[in-house]
Each structure stands twice: as C-alpha cells, then as structure tokens.
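Trainee: Only the shape, not the letters, is given here:
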C-alpha cells in the first residue's frame with residue numbers, strides 16, 4: 001500500500017467532518033498577489049460562492065486587511081450578507097441581477113455590471129426614485145461569449161447614452177479573459193487589444209473610467225502588462241492555481257488555504273465474501289479491515305469516488321470500497337500496519353494532497369471541488 005509523508009493533520013476539534021481554513025495562508029496569498037501586481041492596480045478579491053467554499057465574510061475581513069481594495073461577488077444576497085456583517089469596502093457584482101433587486105443595489109452601495117441599455121435605464125430610474133446613485137462597470141465581451149457589449153465599436157453610442165443617465169456613476173469598464181490559463185497567448189492578447197481599442201474609442205467621445213480591469217487570476221500571474229487600474233484575484237487567493245496554467249511571469253509562493261477532514265466512526269473486520277455499501281459493488285476477497293468514515297456525497301464527496309479513490313490516514317492512502325453513501329464512506333485498511341482508532345481523522349484534501357487530485361480523478365477543475373464542500377461541513381478558521 002502506498003505511503004507518503006503527510007504532516008497535514010487537523011488542528012481543531014470537530015464533530016463529523018470539517019474544513020480548516022488557514023487564515024495565515026490566506027494572508028500570505030493576498031500579500032503575494034499584492035507583491036506581483038502592478039503598484040498602480042487595485043486588487044478586487046473574488047469571494048463569490050462563499051469565497052469558493054472558504055467562507056465569504058471571514059475571508060473578506062482578512063483579504064481587506066492585507067491588500068485587497070474591494071470584493072467581487074455574484075449575487076445581491078451575497079453583497080447584502082457582507083454589508084450586514086460589517087463590510088464597508090467596495091462590492092462589485094460581476095454578472096447580472098434581476099431588476100427587482102436594483103433598489104437593494106442602491107441601498108447597499110453595490111457596484112453593478114451593465115451590459116445592456118434597457119437595464120441601465122431601469123437602474124437609473126430606481127436610483128433617482130430612491131434619491132441615490134449606483135456605481136456601474138460597463139462589461140465588454142471581448143471573446144468570452146457570455147455577457148457584455150460587443151467590443152467591436154458597435155455599442156459606443158449605447159454606452160455613451162448609458163453613462164449620461166442620472167443616478168448612474170460610470171466607475172469601471174471591464175472584460176474577462178477566456179484562455180489566460182492556457183498556452184494560447186494569442187487569443188488573450190487579441191482580447192486585450194479589443195478591450196483597449198474599445199476603451200480608446202470611448203475616450204475619444206470624452207468617456208473615461210476610473211478603473212479599467214480585465215485580469216483574472218491567470219491574467220495576474222502571466223500578464224503584468226495588462227493589470228491596468230485593477231485586477232480581480234480569485235482562485236489564487238485560496239492557494240490553488242488554474243488547472244494547466246503555464247508558468248507565471250514572476251514566481252509566487254501560494255499556500256492552499258482549505259484542508260478537509262472527516263472522522264472514523266467505526267472500525268471492524270469482515271470475512272471474505274462480505275459485501276460493502278449499497279448495490280453490493282464491493283465484495284471482499286479476504287478478511288478485510290473496514291473503516292467507516294463520516295463523510296459522504298451530501299457533504300460534497302462525490303459518489304463518483306466510489307470503489308477506488310483513496311483518502312489519507314496518517315500518510316497512508318486507503319481506497320474507498322463500495323459506493324459512497326450520503327453521509328458515510330468505507331475504506332479498506334487491511335494492509336495498514338499501524339493501529340487505527342475510532343475518532344481518528346482522515347484527510348480528503350489539503351496542503352500536501354491538493355484539491356487538484358480530486359479534480360483530476362473526476363475530470364473537472366479544482367474550483368468545483370472546493371465549491372462543492374457542503375454547508376453542513378463545519379468551517380473552522382485557524383489563525
């Protein structure tokens with residue numbers, strides 16, 4: 001049985017399953033990002049999806065205290081949660097929200113991405129009605145094909161009309177790279193050129209923005225000449241890098257922030273010919289030591305890890321046997337030559353066994369792995 005040297009042990013007392021969030025690692029990562037980012041560029045920390053599963057409010061505080069100027073989120077409810085928790089920094093919703101929530105955006109001082117004229121008019125009307133205003137960021141589609149005004153010069157008149165509406169402050173203009181984490185630099189440079197051409201066309205009309213931003217995590221790492229006035233740091237805040245991303249322009253010491261553990265709740269031996277878990281997908285061929293672990297697909301451990309994927313116990317890789325259940329899974333510890341006790345912890349991923357390994361096994365990306373850790377998994381913040 002394969003054995004690696006692992007020092008990734010839980011520091012905390014927990015119930016059945018927990019993720020430890022290493023706030024010192026988070027501080028290190030935002031400081032590293034600040035070190036490699038152009039001095040004139042602000043850093044917006046992306047804390048959408050509960051900070052990729054790490055806990056939005058708790059991470060936001062640390063990030064703002066250590067170099068971030070503001071926060072990017074995905075929904076108005078994420079923004080309201082941060083405001084009600086005491087966060088006063090700039091908040092930017094990167095996508096769209098329903099027009100019924102525009103009043104909340106004005107009341108809670110949330111920047112909105114604008115990418116069509118009709119939405120801008122309705123936002124203007126709402127801001128005027130409330131006697132307030134809203135900072136907006138014009139979104140350009142330079143090649144992502146998702147949302148945004150076409151970056152081909154055809155929308156200049158519309159944008160000019162939007163920035164003149166009452167109750168709207170044209171604070172930013174931005175786009176999003178589609179392939180900055182690949183070897184295809186040509187497409188990234190094409191996107192950047194489209195973006196800068198559009199910005200220049202608007203400037204000729206007398207329309208200028210306080211913040212121009214296009215770099216995501218991969219852009220920050222690989223294209224320092226494209227940092228402009230602001231960058232949006234996402235995955236690298238949490239100590240992971242975009243899968244397949246080429247070498248950064250400047251070396252960065254990023255430390256994974258999240259470690260996921262679960263407890264052994266039962267230890268037993270079963271005779272040969274005994275089935276394990278639903279569907280009888282595993283039947284023992286010998287006397288087998290089985291560890292039952294308190295983590296399952298309701299916690300975010302995909303059922304696709306059934307029958308083969310390994311969890312880590314004191315540096316030893318132990319395979320899952322049978323199907324992963326909703327709340328538990330079982331490990332084969334037959335060849336383990338050390339004592340196992342009920343209440344001991346197993347590691348799912350962490351600093352030395354990265355979430356990338358789980359992503360590779362499932363054919364997905366590390367973003368999805370951390371985001372999928374369930375809400376019932378206890379978050380413990382370690383400083």
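Mentor: Perfect, I can see it now. Note that this is a predicted model, so its numbers are computed, not measured. Residues are numbered from 1 along each chain as shown.
Trainee: show me where the protein has helices.
Mentor: 23-36, 48-52, 56-65, 76-84, 102-107, 117-130, 156-163, 185-204, 217-222, 355-362, 366-371 (DSSP state H).
Trainee: okay but residue 295 is in contact with residue 326, surely?
Mentor: No - Residue 295 is beyond contact range of residue 326, at 10.2 Å (criterion: CB atoms under 8 Å). C-betas here are computed from N, CA, C, even on glycine.
Trainee: more neighbours, the two?
Mentor: residue 295 (27 against 12; other CB atoms under 10 Å).
Trainee: just the helices of the chain: most buried one?
Mentor: helix 217-222 (a mean of 24; mean count of other CB atoms under 10 Å).
Trainee: For that one, which helices and strands make contact with it?
Mentor: If contacts are counted by 3 or more CB pairs under 8 Å, 6 or more residues apart in numbering; DSSP states H and E, helix 217-222 sits against helix 23-36, strand 230-233.
Trainee: Go again with 7 Å.
Mentor: strand 230-233 (3 or more CB pairs under 7 Å, 6 or more residues apart in numbering; DSSP states H and E).
Trainee: How is this protein divided into domains?
Mentor: Here the domain assignment for the chain is 23-238, 258-382, based on automatic domain parsing.
Trainee: Let me know which of those is the nearest to residue 252.
Mentor: domain 23-238 (4.9 Å; CB to CB).
Trainee: Tell me the spacing between the residue lying closest to residue 138 once chain neighbours are set aside and residue 38.
Mentor: The shortest distance from residue 138 to any non-neighbouring residue, by CB to CB, 6 or more residues apart in numbering, is to residue 173 (4.5 Å). Residue 173 sits 17 Å away from residue 38, going by CB to CB, to the nearest Å.
Trainee: Please apply the same query to residue 215.
Mentor: 10 Å.
Trainee: likewise residue 28?
Mentor: Applying CB to CB to residue 28 and residue 38 gives a distance of 20 Å.
Trainee: re earlier: more neighbours, residue 173 and residue 38?
Mentor: residue 173 (28 against 16).
Trainee: Now do the same contact list for residue 24.
Mentor: residue 383 (CB atoms under 7 Å, 6 or more residues apart in numbering).
Trainee: quick one: it from residue 177, how far?
Mentor: From residue 24 to residue 177 the distance is 30 Å (CB to CB).
Trainee: go on, residue 293?
Mentor: Relative to residue 177, and taking CB to CB, residue 293 is found at 39 Å.
Trainee: Which one's more surrounded, the two?
Mentor: It is residue 293, of residue 293 and residue 177, that has more neighbours when counted by other CB under 10 Å, with 28 against 24.
Trainee: And the nearest residue to residue 336 once chain neighbours are set aside, how far from residue 14?
Mentor: Excluding its sequence neighbours, the residue lying closest to residue 336 (CB to CB, 6+ apart) is residue 316, at 5.9 Å. According to CB to CB, residue 316 stands 21 Å off from residue 14.
Trainee: Nearest the middle, which residue of the chain would you pick?
Mentor: residue 52 (3.2 Å; CA atoms, centre = their mean).
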